[in-house]
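Chemist: task: produce atomic coordinates for the following.
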Amino acid sequence: MSDTAVDKPAGDLMAGHTVRRYDQELAKLRAIILQMGEHVIEQTQAAVAALIQGDEPQAYRVLDREPQIDYLSLDADEEVFRVIARRQPTAVDLRIVLALSKIAGEVERAGDKAARIARQTLELRQQEQDGELLVEPLRVAFQTLDDKACCMFERSVRAVTSFDVTQALVIFEDEPALYAAASNLRDLLGESGDDGLVPRQAITLFHCAQALKHIGTHASNIAEQVIYVALGQDVRYRNREILIETLRHRGY
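Modeler: The predicted structure follows:
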């Protein structure tokens, strides 16, 4: 890959390709990913609402809708194979296609996390005896973590539309707040014996908290791919603070 291809700015990547049909194929692939992302956010919010409210029918609806994301993931895979077979992309073009393939996988796995929360909600309903399962501090903590994870995920999918480095950096900057919300929730669950939760219930809720945190992690992984496409730099194992400072200094 030439230096010109590696350093090609994000704006140039989206400016258009000499083969119009190729542009259309990439646009279709991005559209599929955006649709998947919308479903993931809806599913996550619905699953957390079911958990907080103890809404069993809502949890079942989340599980019923899960195949929609899986089918879209298959469509994305087929589109990737079709583009590679027809266009045999190289350099920057190949970088875009492979990154979009990885992004689709991250989105699909985030959808799995939403379904996991719904399944854990149903398990909790079976364990519940009398009264409400979640006390107010736990409800607030789950809602806070949900808001932060969904916000990061929505931004990450939006960044894919134009491989927006600035948007990707905002996601990285949101990571400390995500981790803090997850840590606060874990601390509350560690003290949950005082709130009448038995260990099995606390463990189930802990799995829900981990699933939410992982949705935020998937958002960060998508942001890494956005930067990889836009700048040609693999930043998966780079120190976040140094990376943010470096790219901000470059004007992003």
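
Chemist: please count neighbours and contacts with C-alpha atoms only from this point.
Modeler: Fine.

Chemist: what's the helix or strand for residue 147?
Modeler: helix 136-160 (DSSP states H and E).

Chemist: next: residue 224.
Modeler: Residue 224 belongs to helix 199-231, assigned by DSSP H and E.

Chemist: contacts only, for residue 223.
Modeler: 156, 159, 165, 168, 169, 171, 172 (Cα atoms under 8 Å, 6 or more residues apart in numbering).

Chemist: one more: residue 173?
Modeler: With Cα under 8 Å, 6+ apart, residue 173 has these contacts: residue 244.

Chemist: quick check, pLDDT for it.
Modeler: Among the per-residue scores, residue 173 shows a pLDDT of 97.

Chemist: picking up where we left off before, quick one: average confidence on the helix holding residue 224?
Modeler: 96.

Chemist: now swap in stretch 76-89 and tell me
Modeler: Here the average pLDDT along stretch 76-89 is 92.

Chemist: what packs against the helix holding residue 147?
Modeler: helix 20-53, helix 165-190, helix 199-231 (3 or more Cα pairs under 8 Å, 6 or more residues apart in numbering; DSSP states H and E).

Chemist: what angle separates the helix holding residue 224 from helix 20-53?
Modeler: 160 degrees (axes from the mean of the first three to the mean of the last three Cα atoms, to 10 degrees).

Chemist: just to revisit the earlier point, any idea which of the contacts of residue 223 has the most stuff around it?
Modeler: residue 156 (33 neighbours; other Cα atoms under 10 Å).

Chemist: now do the contacts for that residue.
Modeler: 167, 168, 171, 219, 220, 222, 223.

Chemist: ok, now which ones touch residue 70?
Modeler: residue 108.

Chemist: and it, what element?
Modeler: helix 56-87.

Chemist: now residue 100
Modeler: helix 91-127.

Chemist: from the contact counts, what lies against that helix?
Modeler: helix 3-6, helix 20-53, helix 56-87, helix 199-231.
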